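J.: return a 3D structure for these sequence lines:
(one chain, ligands or ions: 2)
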Amino acid sequence: MTGVAGLVGVLRAIVGADHVLTDADIRATYETDWLRQWHGTTPAVVRPGSAEEVAAVLRACAAAGIAVVPQGGNTGLVGASVPRDGAVLLSMQRFTSIGPVDPLSMQVTAGAGVTIERLQHHARAAGTDFAVDWGARATATVGGAVNTNAGGSRVVRFGTMRSQVMGLQAVFADGSIVTQLDGLAKETAGPHLPSLLVGNEGTLAVVTAARLRLVPWYRETAAALIACDSLVHAVSLLPALRALPSLDAVELLMPDALRLACGHVEVKPPIDPGSAGAFVMVDCAAHRDPSDDLLALLSSATGVLAVGAQREQLYRIRDHITIALGAAGVPLKLDVAVPVQHLDRLVRRVQAALPPSARLVIFGHLAEGNLHVNVLDAGETAPAVREAVLSAAIELGGTISAEHGIGVAKAEWLPRLKGPAAYAALRAIKTALDPANLLNPGVLFPR
Ligand code: 2HG
Ligand code: ZN
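T.: Ligands and ions are numbered 1, 2, ... in the order given. Okay, here's the model as predicted:
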């Protein structure tokens, strides 16, 4: 085989000429992420249609010495799904099959390319629900969610993607295929390989399908937006919120996040953003109307109840923060978490690290101590700000990635976060499974 040209011919023979895209305009849509933060180039976008085709593609790329970057909906935020250094882009778009909902196990098998929204609709048509949910649901895929251990707004009730994955089908760098899609709820035959692959960011294997846990579909919903004096006040609400049996989401919106998103979707904020130090958006869902739970809470807190169309409006605002930020510029995006009692200290350290020109927009998932720190106009100070925020998160006993992943954005911080022993163990796993560094080099593990 002669270089890339020879490889393209081999790839066409594996997946069919229609599924090897080399036209520059078409490639361009895969070479940049949705928020225009990360760019790269690829000689070819390959769209396999089965695990066997993925295996053959990996073997061909290994033989040609050309790396592979897997990509799902390309809604990632850390540069993990954008091709680098001439790697082949492995698009999982054609893995759209979805199996029947099994009411006995409350599980379903979905291809890596199934969008989260389609999975949710599919589950609901059978009276169940898929628990992991976030704003990019219409484009983000099952494979991407597995690869980043996606979280979103309902983690307080159902956990992250790791808690939903009952099994996986995945292809390793040597082309071997592991299919564990039986979905056994109890299995203690050694370490659980599917769990190891959750959060691997395409560096250990290519995930082609997942067996996923489903949850009850709670059709009755009510939300509230609570105005708090400060972030400390917001955190102090958690015990009372956790006591609500119907609690489904506890989101944090600092005033600038509420202001920005409302401006972007052109709606009047439900509460004047200037009237509070922090806002908590609480969502409840149950088989009976949960409004009373929230009304009891609101009897001792300042806030508004949002049901029906008002609740949808609240979610519309919440779901548009990222898009509003993207429209305002190319923010420095950091996704950190600390034990909730340290959230206020974290925010103070972030504020202290900013130049006067910068605009700080913070929101996130309060119950998990997960802040989305977005800094607009950081300019040349961006590397220093990143260093300060990530260091603060580590020093406060937290993490530098709560749900977005490490990607290329934070790879050099991984050894610091993990410490020598844990990092060496992870590196040994990578070397054992992908000795030639074929899969997503530069992502998760620093070069
Ligand atoms: C969310 O919670 C996402 O909406 C995106 O995790 C966060 O844009 C961000 O920083
Ligand atoms: Zn989030």
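J.: neighbours around residue 264, how many?
T.: Using other CB atoms under 10 Å, residue 264 is surrounded by 17 other residues. Placement of C-beta: from N, CA and C, glycine included.
J.: so what's it closest to, chain neighbours aside?
T.: The shortest distance from residue 264 to any non-neighbouring residue, by CB to CB, 6 or more residues apart in numbering, is to residue 324 (3.4 Å).
J.: for that neighbour, give me its contacts.
T.: 260, 261, 263, 264, 265 (CB atoms under 8 Å, 6 or more residues apart in numbering).
J.: now render these as JSON lines, adding distance to residue 424 and pLDDT.
T.: Below are those laid out as JSON lines (distance: CB to CB, whole Å; pLDDT from 0 to 100):
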{"residue": "260", "distance to residue 424": "42", "pLDDT": "98"}
{"residue": "261", "distance to residue 424": "42", "pLDDT": "98"}
{"residue": "263", "distance to residue 424": "48", "pLDDT": "98"}
{"residue": "264", "distance to residue 424": "45", "pLDDT": "98"}
{"residue": "265", "distance to residue 424": "47", "pLDDT": "97"}
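J.: which of these fall in helices?
T.: Among the contacts of residue 324, DSSP state H puts 260, 261, 263, 264, 265 in helices.
J.: in which helix or strand does the closest residue to the first one other than its chain neighbours reside?
T.: In space, not counting the residues next to it along the chain, residue 260 is nearest to residue 324; the distance is 4.8 Å by CB to CB, 6+ apart. Counting by DSSP states H and E, the secondary-structure element that holds residue 324 is helix 321-328.
J.: mind listing what's buried in that helix?
T.: 321, 322, 323, 324, 325, 326, 328 (16 or more other CB atoms under 10 Å).
J.: for stretch 88-104, same thing?
T.: Quick answer for stretch 88-104 (16+ other CB under 10 Å): 88, 89, 90, 91, 92, 93, 94, 95, 96, 98, 101.
J.: A helix includes residue 204, no?
T.: No: counting by DSSP: H, G, I helix; E, B strand; the rest coil, residue 204 is located in no helix; its state is coil.
J.: okay, now the closest residue to ligand 1 within the stretch 101-250 of the chain: neighbour count?
T.: Nearest to ligand 1 in the stretch 101-250 of the chain, going by CB to the nearest ligand atom, is residue 135, at a distance of 4.6 Å. Residues near residue 135, counting by other CB under 10 Å, number 18.
J.: cool, and residue 213?
T.: So residue 213, with other CB under 10 Å, has 20 neighbours.
J.: quick check: closest non-adjacent residue to it.
T.: Nearest to residue 213 is residue 164, by CB to CB, 6+ apart, at 4.6 Å.
J.: got phi/psi on that neighbour?
T.: phi -100, psi -20 (degrees, to the nearest 10).
J.: and for it, the neighbour number?
T.: 23.
J.: who touches it in this structure?
T.: By CB under 8 Å, 6+ apart, the neighbours of residue 164 are 130, 131, 132, 158, 212, 213.
J.: what's the pLDDT at the residue of the stretch 101-250 of the chain closest to ligand 1?
T.: Note on residue 135: pLDDT of 94.
J.: and the nearest residue to it once chain neighbours are set aside, how far is that from ligand 1?
T.: The spatial neighbour of residue 135 that comes closest, neighbours along the chain excluded (CB to CB, 6+ apart), is residue 319 at 3.7 Å. Separation of residue 319 from ligand 1 (CB to the nearest ligand atom, to the nearest Å) stands at 7 Å.
J.: residue 319 touches residue 138, doesn't it?
T.: No: using CB atoms under 8 Å, residue 319 is not in contact with residue 138, being 10.0 Å away.
J.: which of the two has more residues huddled nearby?
T.: residue 319 (17 against 11).
J.: can you pull the contacts of the residue nearest to the spatial centre of the chain?
T.: Nearest to the mean C-alpha position of the chain, counting by CA atoms, centre = their mean, stands residue 150 at 3.8 Å. Residue 150 sits next to 132, 134, 140, 144, 160, 161, 403 when contact means CB under 8 Å, 6+ apart.
J.: mind checking the SS state of it?
T.: Applying three-state DSSP: residue 150 is coil.
J.: nearest residue to it other than its sequence neighbours?
T.: That would be residue 161: by CB to CB, 6+ apart, it lies 4.8 Å from residue 150.
J.: how many other residues sit next to the one you found?
T.: Neighbours around residue 161, by other CB under 10 Å: 26.
J.: next structured bit after the helix holding residue 324?
T.: From helix 321-328, the next helix or strand downstream (DSSP H and E) is strand 332-337.
J.: what angle do the next helix-or-strand element following that following strand and strand 332-337 make?
T.: Per DSSP H and E, the first helix or strand lying C-terminal to strand 332-337 is helix 343-352. Relative orientation of helix 343-352 versus strand 332-337 (axes from the mean of the first three to the mean of the last three CA atoms, to 10 degrees): 160 degrees.
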